[in-house]
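*Asks:* pasting the sequence and the predicted model now:
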There are 2 protein chains.
Amino acid sequence: MASQRVPRPPRKPADQYHHGDLRRALLQAAVRTIQKNGVESLTLRAVGEELGVSRSALYRHFADKAALLGAVAAEGFRMLRLELLGAWERGGKGQRGFEAMGEAYVRFALQNPWHYRMMFASGFDADASDPALVEDGTNAFQVLVDALVEQQRQGLVRRDDPQALANFIWALVHGIAMLALDGPLQHKGVDVEALTRYAVERLRTGIAV
Amino acid sequence: MASQRVPRPPRKPADQYHHGDLRRALLQAAVRTIQKNGVESLTLRAVGEELGVSRSALYRHFADKAALLGAVAAEGFRMLRLELLGAWERGGKGQRGFEAMGEAYVRFALQNPWHYRMMFASGFDADASDPALVEDGTNAFQVLVDALVEQQRQGLVRRDDPQALANFIWALVHGIAMLALDGPLQHKGVDVEALTRYAVERLRTGIAV
DNA sequence: ACCTGAACACCGTTCAAGT
DNA sequence: ACCTGAACACCGTTCAAGT
């Protein structure tokens, strides 16, 4: 094989480097792509191109692709936490607020389907669970626990272990969300909002004093 | 570039072709690999190699990789259906059988984590939902609906729409399973069996007459 | 410190050719 | 009909080199 020298293509001038907060820009671009076309469609090449940056620039800011996805998921938990807290407070921190929380939870999942799936599918790729992700997830969960403790104080909810109650209720709304996104509810064209209201009503009977 | 003829490597003799039921063999090999190492680890090359077959032989039996994964998921729903039916019947087709069903559901997910995840993550890759998969999922769901109708007949469960009841309850057990596999329950080291029993108890209060 | 571009070791899928 | 092996167009990741 003759070793003919191939001239390198011109290098990008250094003053066109991204500089700025590339980490944040990468994260936002990733969220945008995933919201639009799903996780599968996210390639490091595409996200780099969108920001006018080489495909390996990312490695300065994230260990690998799984770390980027973990950061996207963590961002999702922070968004979810704000939605839940808002519903609880606007609803008056009582029974009505609690029901609004349940509906807000399911609505969040339906309005951000890909983002929501990722928040819980992160165990798929990253079994080395990202501690930041765990923390943001725990913080979102805590809103639910606090709301339950408050309702126990008001005599609205039976005085079982709040953690157990919260696990039980999170499982219910998470289950509705997942079945609506990927399960039989989707194919059967079930009215998810109606199901959510029904579930919240049955739940209330189940956890009342 | 000089076009030097590269001699083809010796072709596999035809009498060593797989023949037999290659479709079934591919399916079983895929299930085995996924159970052991997860979906991510499943490559067509590896499954072909395991069966001593070229990596494109698969395309005679499945449209593409997504179709193979869909078939794996469908197989999972058939397995789950048998587990649920067994628990319901052995438990005496009443309140005890119903609670056994709930516990059997969660146990199935915990014992077949990758397979279970796939059954519901199929929407990830294959948005063109496989009709066979939908049917097997529906059949598994029907066991739950039938059990509820029977309990209504016995006066054990309030006479709401059985479909709505079933959606509600499936969401609950699915949520427990998913949170146990990939969610906060995993990281916090929650006793999933205890949580399941607690959930079933609260559920009973919620759906009683 | 930050980013680049080439190289590496993988993928799924297609397709003409063999038996 | 069924299967093969090469080719194609992608990936994520690594790394020496540039500024």
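*Replies:* Everything's here; your move. This structure is a prediction, so every number in the text was calculated from the model and none was measured.

*Asks:* contacts, neighbours, all on C-alpha from now
*Replies:* OK.

*Asks:* surely residue A:110 is in contact with residue A:181?
*Replies:* Yes: using Cα atoms under 8 Å, residue A:110 makes contact with residue A:181 at a distance of 7.1 Å.

*Asks:* of those two, which one has the most company?
*Replies:* Taking neighbours as other Cα atoms under 10 Å in any protein chain shown, residue A:110 and residue A:181 compare with residue A:181 leading, 22 against 17.

*Asks:* hmm, stretch A:131-141 touching chain B?
*Replies:* Yes: applying Cα under 8 Å from any Cα of the partner chain, one finds stretch A:131-141 in contact with chain B at A:134, A:137-138.

*Asks:* next SSE downstream of the longest helix seen in chain A?
*Replies:* The longest helix of chain A (DSSP state H) is helix A:65-90. Remark: after helix A:65-90, the chain's next helix or strand is helix A:95-111, criterion DSSP states H and E.

*Asks:* that following helix close to chain B?
*Replies:* No: Helix A:95-111 lies out of reach of chain B by Cα under 8 Å from any Cα, never closer than 11.9 Å.

*Asks:* now that helix - C-alpha only, PDB.
*Replies:* The C-alpha coordinates for helix A:95-111 follow below in PDB (Å, rounded to 0.1, in the frame of the first residue of the first chain):
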ATOM      1  CA  GLN A  95     -57.600  16.200  49.800                       C
ATOM      2  CA  ARG A  96     -58.200  18.300  46.600                       C
ATOM      3  CA  GLY A  97     -54.500  19.200  46.300                       C
ATOM      4  CA  PHE A  98     -53.600  15.500  46.700                       C
ATOM      5  CA  GLU A  99     -55.900  14.400  43.900                       C
ATOM      6  CA  ALA A 100     -54.600  17.200  41.700                       C
ATOM      7  CA  MET A 101     -51.100  15.800  42.400                       C
ATOM      8  CA  GLY A 102     -52.100  12.400  41.100                       C
ATOM      9  CA  GLU A 103     -53.600  13.900  38.000                       C
ATOM     10  CA  ALA A 104     -50.600  16.200  37.500                       C
ATOM     11  CA  TYR A 105     -48.300  13.100  37.700                       C
ATOM     12  CA  VAL A 106     -50.000  11.200  35.000                       C
ATOM     13  CA  ARG A 107     -50.400  14.400  32.900                       C
ATOM     14  CA  PHE A 108     -46.600  15.000  33.100                       C
ATOM     15  CA  ALA A 109     -45.900  11.500  31.800                       C
ATOM     16  CA  LEU A 110     -48.400  11.800  28.900                       C
ATOM     17  CA  GLN A 111     -47.000  15.300  27.900                       C
END
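
*Asks:* which strands and helices sit next to that helix?
*Replies:* Applying 3 or more Cα pairs under 8 Å, 6 or more residues apart in numbering or on different chains; DSSP states H and E, we find helix A:95-111 packed against helix A:65-90, helix A:113-125, helix A:162-182, helix A:192-207.

*Asks:* okay, the angle between that helix and helix A:65-90?
*Replies:* Angle, helix A:95-111 to helix A:65-90, by axes from the mean of the first three to the mean of the last three Cα atoms, to 10 degrees: 150 degrees.

*Asks:* which one of the residues in chain A is closest to DNA strand D?
*Replies:* residue A:43 (3.2 Å; Cα to the nearest atom of the strand).

*Asks:* just the pLDDT at that residue, thanks.
*Replies:* According to the prediction, residue A:43 has pLDDT 92.

*Asks:* quick check: buried residues in the longest helix of chain A?
*Replies:* For helix A:65-90, the neighbour count (16 or more other Cα atoms under 10 Å in any protein chain shown) marks A:65-78, A:80-81, A:83-85, A:87-89 as buried.

*Asks:* for chain A, name the helix or strand with the lowest mean pLDDT.
*Replies:* In chain A, the helix or strand scored least confidently by mean pLDDT, DSSP states H and E is helix A:184-188, which has a mean of 70.

*Asks:* now do the contacts for the residue of chain A found nearest DNA strand C.
*Replies:* Using Cα to the nearest atom of the strand, residue A:54 is the residue of chain A that sits closest to DNA strand C, at 3.2 Å. Residue A:54 sits next to A:45, A:48 when contact means Cα atoms under 8 Å, 6 or more residues apart in numbering or on different chains.

*Asks:* could you grab the helix/strand/coil label for it?
*Replies:* Three-state call for residue A:54 (DSSP: H, G, I helix; E, B strand; the rest coil): coil.

*Asks:* check it and give its pLDDT.
*Replies:* Residue A:54 is given a pLDDT of 86.

*Asks:* torsion angles phi and psi at the closest residue in space to residue A:93 that isn't next to it in sequence?
*Replies:* Distance criterion Cα to Cα, 6 or more residues apart in numbering or on different chains; nearest residue to residue A:93, sequence neighbours excluded, is residue A:147 at 7.2 Å. Torsion angles at residue A:147 (phi, psi; degrees, to the nearest 10) stand at phi -60, psi -40.

*Asks:* residue A:147: neighbour count?
*Replies:* Other residues within reach of residue A:147, judged by other Cα under 10 Å, total 22.

*Asks:* so what's it scoring on pLDDT?
*Replies:* 97.

*Asks:* isn't it up against residue A:98?
*Replies:* Yes: using Cα under 8 Å, residue A:147 is in contact with residue A:98, at 7.1 Å.

*Asks:* identify the contacts common to these two.
*Replies:* Common neighbours of residue A:147 and residue A:98 are listed as residue A:88 (criterion: Cα under 8 Å, 6+ apart).

*Asks:* thinking again about what came up before, by mean pLDDT, show me the worst of the helices and strands packed on helix A:95-111.
*Replies:* Across the helices and strands packed on helix A:95-111, helix A:113-125 has the smallest mean pLDDT, namely a mean of 80.

*Asks:* follow-up on the earlier one: packing partners of the longest helix of chain A?
*Replies:* helix A:22-37, helix A:95-111, helix A:113-125, helix A:131-153.
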